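> Sequence first, predicted coordinates after that:
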Amino acid sequence: MLSVQQAEEIIFNRVQPLDAKLDAEVADLLAASNRILAMPVTSDLDFPHWDNSAMDGYAVRSADVEGCSAEQPAVLEIVEEIPAGKQPQHTIQPGQAARIFTGAMMPEGADTVVMQEVTRLSGSRVVILAAPKPQAFVRHRASYYQAGTPLLMPGIPLFAPEIAILASAQCPQVSVYRHPRVAILSTGDELVTPDRPLQPGQIVDSNQYAMAALVAQSGGIPLLLGIVPDQPLALKNAIASALTSADIVVSSGGVSVGDYDYVDRILESLGAEIHLRAVAIKPGKPLTFATFKRGEAQRPVLYFGLPGNPASSLVTFWRFVQPALKKLSGLAQGWKPMFVQARAGQDLRSDGKRETYLWGQMHLIEGGYEFQLAGGSHSSGNLINLSRTNGLAVLPVGITSINAGEAVQVLQVGLPFGD
Ligand SMILES: Nc1nc2c(c(=O)[nH]1)N[C@H]1C(S)=C(S)[C@@H](COP(=O)(O)OP(=O)(O)OC[C@H]3O[C@@H](n4cnc5c(N)ncnc54)[C@H](O)[C@@H]3O)O[C@H]1N2
Ligand code: MOO
Ligand SMILES: [Mg+2]
């Protein structure tokens, strides 16, 4: 059986990111939050656009105020007032100053700003009571960014700072990668939709809902194909139809060794290349990963056959599908699973045979993370105690216990870690 590391290498290496030419679309800047930039952005504006004041005070020539103090102040003639948004009208000559406000353009001739707290007004003159450093409180043109150089690189997610940068660069629209499309199907004769009363032996198809939420949270568009019975023809038709519309297909159930576990056989009959059928991970062992070739220029469709148990499908989605989906979506960095070291809050146990993922919550305690194991059963059939999970503690193969207080690696999932 493949190790988790081997499996992730096989999977992640087969993910071809969306193409900047074929898979980009234009988004209005106000709707571009959380999207991924598809093209490099360059501005023909310098930032700041012109020398301007960082303080409310007086624009002066540094030579005029050199060495001045409360005992020996410099006294300068105020020749104009420059609020933000107004173009200065004078060139400051020796012995002169301009009243200036934060963000206002520096006048010609002045090179330094004196903040008003170290000045005193005397009629039309300003008395400077302390010598500023030359160039003090001047935000120089192009000191943040020089026109024509790269401003934002493709592959970055657009969050508040990037949106503000694009607005400043006067880009009301922006080229972003389209959302990846992820077809979701649940296999199983026992499954019903949540609105149906349960007959003996039936259960609700919760995986469809879990997968849809996970896809949407990872930046994809979930295409819900519903419940497919354990019948080869129905499954074949459903998978064939998923392949026509999706970048990634995620099914749950039907990948183990039972008589009604048809997924792998159907994938083969549809011409898939199956790269793995089992991984030494708990929960989630009978994981299938396959690719379907399409036309020359098209990226293959990725197929994830996740195990049907609710915890198994969630854990394998977090561990393998989510990073693959994020890589495919065009993210240049930050798509890989993130592990953080924490202190175990309780004893953690495993049989040591498979890499074991135990769910729970991360808490910040005295400046360090502590992993609190979810109470109740860690059976892969138990969904209930997964609520509020934001971390999965990892016990590597061969490790049967990590004692309370010892260090443990925790995979970040769901909500960010908090208190
Ligand atoms: N003889 C063996 N049996 C099993 C093995 C094994 O190695 N040898 N592996 C076990 C492990 S581990 C897992 S995990 C499961 C995986 O089974 P499948 O992927 O084939 O899934 P199903 O058999 O279809 O269902 C398993 C379980 O999950 C429930 N389920 C399925 N779909 C959903 C859904 N959409 N929403 C909620 N719950 C779902 C289903 O009712 C079953 O209880 O195989 C073990 N068996
Ligand atoms: O690999 Mo399974 O998910 O342990 O029940
Ligand atoms: Mg089965």
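That came through fine. Numbering: from 1, shown residues only. Ligands and ions are numbered 1, 2, ... in the order given.
> what about N382, neighbour count?
16 (other CB atoms under 10 Å). Placement of C-beta: from N, CA and C, glycine included.
> Now do it, the pLDDT please.
The model reports N382 with a pLDDT of 95.
> and it, which of the three is it?
Taken by DSSP: H, G, I helix; E, B strand; the rest coil, the conformation at N382 corresponds to coil.
> cool, I274 as well?
strand.
> just R388 next, same as before
coil.
> Now name the helix or strand holding the residue of the chain found nearest ligand 1.
Per CB to the nearest ligand atom, G308 is where the chain lies closest to ligand 1, at 2.7 Å. Counting by DSSP states H and E, no helix or strand carries G308.
> Give the closest residue to it in space, chain neighbours not counted.
G253 (3.0 Å; CB to CB, 6 or more residues apart in numbering).
> what about stretch 342-350, start to end distance?
With CA to CA, to the nearest Å as the measure, stretch 342-350 spans 18 Å from end to end.
> buried residues in the lengthiest helix in the chain?
Scanning the chain for the helix with the most residues, using DSSP state H, yields helix 232-245. For helix 232-245, burial by neighbour count (16 or more other CB atoms under 10 Å) applies to 235-236, 238-239, 242-243.
> What parts of this protein come near ligand 1?
Within the chain, the positions adjacent to ligand 1 are 186, 188, 190-191, 203, 205-208, 252-258, 261, 283, 285-286, 307-310, 312, 380-381 by CB under 6 Å from any ligand atom.
> so where's this protein shaky on pLDDT?
Filtered on pLDDT under 70, the chain yields the residue ranges 419.
> go with 50
Counting by pLDDT under 50, the chain contains no low-confidence range.
> Can you name the residues of it that neighbour ligand 2?
282-285, 307, 309, 312, 380.
> who wins for most neighbours among those residues?
For the residues of the chain next to ligand 2, neighbours tallied by other CB under 10 Å; top is G284, 28 neighbours.
> three-state assignment of it?
Classified using three-state DSSP, G284 is coil.
> Quick check: it touching V315?
Yes: counting by CB atoms under 8 Å, G284 touches V315, with 5.2 Å between them.
> Distance check, the nearest residue to G284 once chain neighbours are set aside against R349.
Once flanking residues are discounted, G284 sits nearest to T316: 4.0 Å by CB to CB, 6+ apart. Remark: distance between T316 and R349 (CB to CB, to the nearest Å) = 21 Å.
> Among the two, which residue is more densely surrounded?
T316 (28 against 16).
> Wait, a strand at that one?
No: using three-state DSSP, the secondary structure at T316 is helix, not a strand.
> who's in contact with it?
Contacts for T316 (CB atoms under 8 Å, 6 or more residues apart in numbering) come out as 281, 283-284, 287, 304, 306-307.
> Would you mind pulling up the elements that the lengthiest strand in the chain packs against?
Taking DSSP state E as the criterion, the chain has its longest strand at strand 355-365. Using 3 or more CB pairs under 8 Å, 6 or more residues apart in numbering; DSSP states H and E, the elements in contact with strand 355-365 are strand 281-282, helix 310-316, strand 339-344, strand 368-373, strand 391-395, strand 407-412.
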